[in-house]
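1. this one's structure only:
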Ligand SMILES: Cc1cc2nc3c(=O)[nH]c(=O)nc-3n(C[C@H](O)[C@H](O)[C@H](O)COP(=O)(O)OP(=O)(O)OC[C@H]3O[C@@H](n4cnc5c(N)ncnc54)[C@H](O)[C@@H]3O)c2cc1C
Ligand code: SF4
Ligand code: SF4
Ligand code: FES
């Protein structure tokens, strides 16, 4: 009874924090992906909420439920939290029907982070595909904020068509800077597109970032990752130099509900960010 | 082991009334011809010292459905959220089997430890006195002995009762048990009663079939993730989830919202790794695409991941999953197969003595 470790009750981890939807923006031209910029309704919550790129939250809509989403804003962008959501099912469809000024809830920040400490002083290669660019945006903005702490930064981002590349304003702004190399690519040539054409693995091979003293971060559809990894190996990347983020189905987000495990690791607690070396130790249940 | 006390059959009713003063009573009772743990009116209803119930006692701390929070009619009005449904009612859980009491220790490590604690589970757990009853009636599906446990194991109990011909020898196990035991003013048990109590549980232990299942199981499983044995094991499984619902250690859950005219509730309910939808992702992709991968998860979680993560098996050997499986799948046989398979592989592996 009383002598057990359950004595100390922390705050209720299932209770969502109230948020206001400040801004909603379409990210792609087929309108299936929208960004939601949220503001805390309670000043206290805002003060206590600190996060690092790579982390996620459970977005909560009463009556519909909860679903996990990576945090797409960077901690250096103050005043809002951004989530970029693709319409998929119950919660995401309801989210897409909400308007600026509506309220929703969040639980978080949850999960681990990109290995910022390890990345310190190193060259960084960020490879993204499709709509899995959310936490990569958070990461890149954070890196650029402390630009002097890192070596060369290379970004390769691909989508099927120009209209499916997200965060166009950010991408174009980064292209204007001299201190980051941005390669945007689409699968097949399209009228008016003057940038790269080709699949991400091939474009990574052409761009050929050096593996020496470099950390690679890769997020995207499983096929893209599968075909890009051999390219990176060829470029000399070891499995401990490459990180990715997993998207196993989740509910609690706090290591209790037993849904998201890959082998003995819980993606919600031990992840979502794993190095390829860590994943090699685990069964391929993702 | 501390002092042991005697609770005679003549005093049982009064003692149970005393427990009811302490908290809401939950005990094995007959409901619709089935022995189950349920809220009990009083001594008249309580059935002590019987065989295991079909369902475990985990619902006392982790109910099959519970409200996590309620919200008002206007879904966006967060001022109306309440999470005051945390249940601090003092309770006495009387007469659980030692395997059920022991199961709480593993659940404590899931819900009560880690980066954050589960307030709903912890509140119930902290306010519930667990009085276990030593097991005099092991059945053919019991295998607590495979875990180094037995009919008189007091792990997880605050108080342990030994049935002795209608009377009970009472052992105060935890600090909480010793504390409340002071109020009972029970006489010390005499030598004869204690010897009789020990003889009865020893006889019960004798009736358990000797079984070796857990030695080296983690290492055995480590090499068998890709083994074809899971497909063979899962062939008959109809993915009904009964094994996990009745299991005292299974603790997977789902969270869903229920909308009512007056407002709504966010509910938590038991879920199971044996269900195909459990890990299905929004894209339609499922990392556990077949029943073989789900059976593997059930066994790996209980006998490999939990020992590695929290230091305890996710099984106490109560045998409920064996009794209740509609297609008679037997986890003991599966563990034996795992062991054989590992031996076969070791023998076949070149360069290793087999
Ligand atoms: C760490 C993490 C980060 C993520 N980050 C992002 C992100 O930044 N952006 C983003 O858009 N997504 C992200 N996701 C994915 C996102 O969580 C899912 O898209 C979301 O959970 C879908 O929720 P939903 O309620 O809309 O879908 P659900 O209603 O849960 O349905 C999902 C799918 O499940 C299937 N399904 C549901 N119910 C049934 C049924 N009864 N029978 C059969 N099939 C059924 C359907 O195929 C459906 O499309 C992330 C996931 C994780 C784990
Ligand atoms: S797995 Fe089966 S035998 Fe083991 S604790 Fe659960 S129900 Fe009992
Ligand atoms: S009870 Fe038997 S049939 Fe049902 S899910 Fe469990 S193993 Fe499969
Ligand atoms: S989402 Fe519940 S354990 Fe990870």
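-> Received, thanks. It should be emphasised that the depicted structure is a prediction, and the values quoted were computed from it without experimental measurement. Ligands and ions are numbered 1, 2, ... in the order given.
2. can I assume residue B:293 sits in a strand?
-> No: applying DSSP: H, G, I helix; E, B strand; the rest coil, one finds residue B:293 to be helix, outside a strand.
3. and the gap between it and residue B:306?
-> For residue B:293, the distance to residue B:306 (Cβ to Cβ, to the nearest Å) stands at 18 Å. C-beta here means a position set from N, CA and C on the backbone, and glycine is covered the same way.
4. what do you get for residue A:172?
-> Distance from residue A:172 to residue B:306, counting by Cβ to Cβ: 50 Å.
5. residue A:63 now?
-> From residue A:63 to residue B:306 the distance is 35 Å (Cβ to Cβ).
6. with residue B:200 instead?
-> 32 Å.
7. just to revisit the earlier point, who's more crowded, residue A:172 and residue B:306?
-> residue B:306 (21 against 11; other Cβ atoms under 10 Å in any protein chain shown).
8. not counting sequence-adjacent ones, nearest residue to that one?
-> Nearest residue to residue B:306, sequence neighbours excluded (Cβ to Cβ, 6 or more residues apart in numbering or on different chains): residue B:314, at 4.2 Å.
9. again with residue B:287
-> residue A:285 (4.6 Å).
10. tell me how many other residues crowd the one you found.
-> Considering only other Cβ under 10 Å, residue A:285 is surrounded by 20 other residues.
11. ok, for residue 51, nearest residue in space, not its chain neighbours?
-> Picked chain A for this. Per Cβ to Cβ, 6+ apart, closest to residue A:51 is residue A:109, 3.9 Å.
12. other chain: chain B
-> residue B:137 is the one closest to residue B:51 (Cβ to Cβ, 6+ apart), at 4.5 Å.
13. next one: phi and psi at residue 131?
-> Because you didn't say which chain, this covers chain A. Phi and psi for residue A:131, reported as degrees, to the nearest 10, are phi -90, psi 0.
14. my question was about chain B
-> phi -110, psi 110.
15. residue contacts, it?
-> B:19, B:92-96, B:157-161, B:177 (Cβ atoms under 8 Å, 6 or more residues apart in numbering or on different chains).
16. near chain A too, which of those?
-> Among these, the residues that sit close to chain A (Cβ under 8 Å from any Cβ of the partner chain) are B:158, B:177.
17. sorry, back to before: sec struct for the residue nearest to residue B:287, please.
-> At residue A:285 the chain is in coil, as set by three-state DSSP.
18. what's near enough to touch the spatially most central residue of chain B?
-> Chain B has residue B:248 as the residue nearest its centroid, 2.4 Å off, counting by Cα atoms, centre = their mean. Listed by Cβ under 8 Å, 6+ apart, the contact set of residue B:248 reads B:56-58, B:99-100, B:103, B:107, B:316, B:318, B:320.
19. which of those residues sit farthest apart?
-> B:107 and B:320 (15.1 Å; Cβ to Cβ).
20. up against ligand 2, what does the stretch 151-300 of chain B have?
-> B:246-249 (Cβ under 6 Å from any ligand atom).
21. wait, a helix at the residue nearest to residue A:51?
-> No: assessed by three-state DSSP, residue A:109 does not belong to a helix; its assignment is strand.
22. correct me, but it touches residue A:71?
-> Yes: the criterion here is Cβ atoms under 8 Å, and residue A:109 meets it with residue A:71 at 6.6 Å.
23. anything in stretch B:308-317 near ligand 3?
-> No: on the criterion Cβ under 6 Å from any ligand atom, stretch B:308-317 is out of touch with ligand 3, staying 13.4 Å away.
24. all strands of the stretch 151-286 of chain A, in order?
-> Taking DSSP state E, counting those that start in this stretch to define them, one finds strands in the stretch 151-286 of chain A at A:153-159, A:181-186, A:196-197, A:214-219, A:242-245, A:261-262, A:265-266, A:273-275.
25. ok, now the stretch 201-350 of chain B?
-> Counting by DSSP E, counting those that start in this stretch, the strands of the stretch 201-350 of chain B are B:253-260, B:263-270.
26. in helices, which of the residues of the stretch 151-300 of chain B next to ligand 2 appear?
-> residue B:246 (DSSP state H).
27. turn the residues of the stretch 151-300 of chain B next to ligand 2 into CSV, including distance to residue B:288 and pLDDT.
-> Below are these laid out as CSV (distance: Cβ to Cβ, whole Å; pLDDT from 0 to 100):
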residue, distance to residue B:288, pLDDT
B:246, 21, 95
B:247, 19, 97
B:248, 23, 97
B:249, 20, 97
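28. give me the element residue B:94 is part of.
-> Using DSSP states H and E, residue B:94 falls within strand B:91-96.
29. how about residues contacting that strand?
-> B:16, B:19-20, B:22-28, B:37, B:40, B:46-49, B:57, B:60, B:124, B:127-133, B:157, B:161.
30. repeat the analysis, applying 7 Å as the threshold.
-> Under the criterion Cβ atoms under 7 Å, 6 or more residues apart in numbering or on different chains, residues B:19, B:22-28, B:46, B:48, B:57, B:60, B:127-133 lie in contact with strand B:91-96.
31. among those, name the ones in strands.
-> Using DSSP state E, the subset of the contacts of strand B:91-96 located in strands is B:24-28, B:128-133.
32. list, one by one, the residues from chain B near ligand 1.
-> So chain B meets ligand 1 at B:277, B:280, B:282, B:284 (Cβ under 6 Å from any ligand atom).
33. helices of the chain, residue ranges please.
-> Since no chain was named, I'll use chain A. Under DSSP H, chain A gives helices at A:43-48, A:90-97, A:116-119, A:134-145, A:168-176, A:200-207, A:222-234, A:276-280.
34. actually it's chain B I care about, not the one you picked
-> So, for chain B - with DSSP H - the helices run B:9-22, B:98-111, B:119-126, B:175-184, B:191-207, B:217-222, B:229-234, B:242-246, B:291-300, B:306-310, B:320-324, B:331-348.
35. in the last one, what counts as buried?
-> In this case it means helix B:331-348. Going by neighbour count (16 or more other Cβ atoms under 10 Å in any protein chain shown), the buried part of helix B:331-348 is B:331-332, B:334-335, B:337-339, B:341-342.
36. count of residues packed around whatever residue of the stretch 101-250 of chain A ends up closest to ligand 3?
-> The minimum distance from the stretch 101-250 of chain A to ligand 3, using Cβ to the nearest ligand atom, falls at residue A:249 (19.1 Å). Residues contacting residue A:249 under the criterion other Cβ under 10 Å number 19.
37. how close does it get to residue A:286?
-> From residue A:249 over to residue A:286 (counting by Cβ to Cβ), the distance is 10 Å.
38. about what we covered before: let me know the pLDDT of the residue of the stretch 101-250 of chain A closest to ligand 3.
-> With respect to pLDDT, residue A:249 scores 92.
39. which residue does chain A bring closest to ligand 1?
-> At 2.2 Å from ligand 1, residue A:89 is the closest residue in chain A, using Cβ to the nearest ligand atom.
40. quick check, that residue in contact with residue B:283.
-> No: using Cβ atoms under 7 Å, residue A:89 makes no contact with residue B:283, being 10.2 Å away.
41. can you pull the contacts of residue A:136?
-> Per Cβ under 7 Å, 6+ apart, neighbours of residue A:136: A:126, A:128, A:217, A:219.
42. what about 8 Å?
-> A:126, A:128, A:155, A:157, A:217, A:219.
43. so the last one touches residue A:129, yeah?
-> Yes: using Cβ under 8 Å as the test, residue A:219 is close enough to residue A:129 to be in contact (7.5 Å).
44. ok, the two, which is more surrounded?
-> Set residue A:219 next to residue A:129 and count neighbours by other Cβ under 10 Å: residue A:219 wins out with 28 against 25.
45. now the nearest residue to the more buried one once chain neighbours are set aside: how far from residue A:63?
-> Nearest residue to residue A:219, sequence neighbours excluded (Cβ to Cβ, 6+ apart): residue A:132, at 4.4 Å. From residue A:132 across to residue A:63, the span is 28 Å (Cβ to Cβ).
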